[in-house]
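# Quick check, what structure comes out for this input:
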Amino acid sequence: MAENGAVASSITGEVADFITGIQYGDIPADVIELGKKHILDGLGLALAGSAVESGQIVQDHLASLGCGEGPATVIGTGLKIVPRFAAFANGVAIHAEDYDDTQLAVAKDRVYGLLTHPTAPALPAALAIAEAQGAGGPDMMAAYHIGVEVECKIAEAINPRHYQEGFHSTATCGTFAAAAAAAKLSGQSRDEVLRSLSVAGSQSAGLRENFGTMTKPFHAGRASESGVVAADFSARGWTAAPTILEAPRGFFRAAGGGFAEDAIHGRLGDPWTFAQPGISIKPHPSGSLTHPGMTTMAELIAEHGIRAEDVVQVKVGTNQNMPNALIHHRPTDELQAKFSMEFCMAVLLTEGRGGLNEFTPDVVNRPDIKAMIEKVDFGVHPEAEAAGYDKMTTIIEIELAGGRLIEGRADFGKGSPADPMSYDEVADKFRECAEFARFPGDRAEKTVELVSRLDALGDIRELTALLAR
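Here you go, the predicted structure:
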């Protein structure tokens, strides 16, 4: 551990060397294929997020700025603006429904990879800069993968206190992801990359108190925008400290009290996080901590034919970090419901499903849903606590009328590397998002096909043109 910022070598320099040194051909083929699923997932979520209230507010805000025309697309809209604001809008949209991918952890104390959502900050920055340049699919993908890798390794390294005491890692670590992606596409030198990372570090911010509100997706959009801004200022000669990560007054120390050097030193791309431990794709538009429980509950309902009217009580037990994030026990709107284990259990028991159309204000406030929520008891279970914070162990006990007891347990949910989604399953999720946004079905199908061969695409604008209104 490096608790006082003293390290054998410059960690920031090592990150800069990785960003400048890695080329598309250096990324393993299996990692590239995994990335395609996550890119398709992110694009679908950007479509869905453009159609919800937060997306409309962002679009109104951008229109009020009088920015004029630009080269970068706000997905799902007719807006084309400067890259920093396109990155912001698309980052907000990807994270708006809390339906985006989630990093897993390596060490047992790392709080599930500090709950970083890697694609939401990294992809919008890479896409906006690539579109502005007319870059090809391989260059955009390389920048995206580099951004995700930098983000995940920084999140894995920083002390768990960072997340536990209130920082939102998607916002903080995601700013470095966006800066890395933008710097890579801009062809920056090592010194320029160091400055880009440093400017990003001074912009990294976001507090978990805002979970369950529009400000949570604002974090992801702002992280993506801040990374683009950081790289732009660096390219113009802006000065910044060269050791922003490991310095005594740098990111790791200020935001976490220290870091685990062995979690990042020599670990960038060795292995790639996409390969090990992997990154989960969400099957439901709610906080990832609900997903093992939702996967198990759906299986129990199907296996035992559980009917809502027969449920007497449901006990859901997890480790202490999960109630620390799932803070809305009696939600009153769809954003709070995403961070409510009680709602997620109730909606499956009542509706039999939990998709975009179930996480709405009308469903959240229905009397039968509220009545079922009252039957759900959510808290800490010693067995789940003992399993470690690298897992999302969830233990369910359902008591039915007549005294029948049904039990289930899961460490991870559907969409995790332990139970991954195929490209076709992600494509179905993309179609759900496109339909939710009332996006033309034929263009959705072309997008699914185009992303599958993104490595052969000569100009990323062929893809972004499909995703504009």
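# which regions of this protein lie under the pLDDT threshold?
For the chain, the stretches with pLDDT under 70 are 1-9, 109-115.
# who touches the residue nearest to the spatial centre of the chain in this structure?
Centroid-nearest residue in the chain: residue 117, 2.0 Å away (criterion: CA atoms, centre = their mean). Residues near residue 117 by CB atoms under 8 Å, 6 or more residues apart in numbering: 95, 100-103, 170, 174, 220. (Glycine included, C-beta is placed from N, CA and C.)
# In a strand, it, correct?
No - the assignment for residue 117, made by DSSP: H, G, I helix; E, B strand; the rest coil, is coil rather than a strand.
# Which residues are in contact with residue 138?
Taking CB under 8 Å, 6+ apart, one finds 24, 455 in contact with residue 138.
# Just the element for it, please.
Per DSSP states H and E, residue 138 falls inside helix 137-157.
# next helix or strand past that helix?
Where DSSP H and E defines the elements, the next helix or strand beyond helix 137-157 is helix 161-164.
# Can you spell out which helices and strands pack onto that following helix?
For helix 161-164, the packing partners by 3 or more CB pairs under 8 Å, 6 or more residues apart in numbering; DSSP states H and E come out as helix 111-114, helix 169-185, helix 251-256.
# Pipe these into CSV and attach distance to residue 441 and mean neighbour count per row.
Shown next, in CSV, are the helices and strands packed on helix 161-164 (distance: least, CB to CB, whole Å; neighbours: other CB atoms under 10 Å):
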stretch, distance to residue 441, mean neighbour count
helix 111-114, 35, 26
helix 169-185, 30, 33
helix 251-256, 44, 22
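# And for the residue nearest to the centre of the chain, nearest residue in space, chain neighbours not counted?
Spatial nearest neighbour of residue 117, chain neighbours left out: residue 170 (4.5 Å); criterion: CB to CB, 6 or more residues apart in numbering.
# I'd guessed the one you found sits against residue 121; true?
Yes - Residue 170 sits in contact with residue 121 when judged by CB atoms under 8 Å, with a separation of 6.5 Å.
# Overlap of the contact sets of the two?
220, 223.
# Residue 409 belongs to a helix, doesn't it?
No - Residue 409: not assigned to a helix; according to three-state DSSP it is strand.
# The residue nearest to it when sequence neighbours are not counted bridge partners, please.
Of all residues not flanking residue 409 in the chain, residue 395 sits nearest, at 4.9 Å (CB to CB, 6+ apart). Note on residue 395: beta-bridge partners by DSSP bridges are residue 317, residue 409.
# Let me know whether residue 395 touches residue 380 as I believe.
No - assessed by CB under 8 Å, residue 395 is found out of contact with residue 380, at 10.5 Å.
# Neighbour count: the two, which is higher?
With neighbours defined as other CB atoms under 10 Å, residue 395 and residue 380 compare such that residue 395 has more, 20 against 14.
# number of nearby residues for residue 466?
Neighbours of residue 466 under the rule other CB under 10 Å: 21.
# Where do the strands of the chain begin and end?
Ranges of strands within the chain are 72-73, 80-81, 102-103, 279-280, 311-318, 376-380, 394-400, 405-410, based on DSSP state E.
# Now distance to residue 443 too, for these, in CSV please.
Compiled in CSV, the strands of the chain are given as follows (distance: least, CB to CB, whole Å):
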stretch, distance to residue 443
strand 72-73, 13
strand 80-81, 17
strand 102-103, 28
strand 279-280, 27
strand 311-318, 40
strand 376-380, 40
strand 394-400, 38
strand 405-410, 36
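# wait, which of these is closest to residue 465?
Shortest distance between residue 465 and the strands of the chain, using CB to CB, is found for strand 72-73: 7.7 Å.
# show me where the stretch 351-469 of the chain has helices.
Ranges of helices in the stretch 351-469 of the chain, per DSSP state H, counting those that start in this stretch, are 361-364, 367-373, 382-386, 423-436, 441-452, 461-466.
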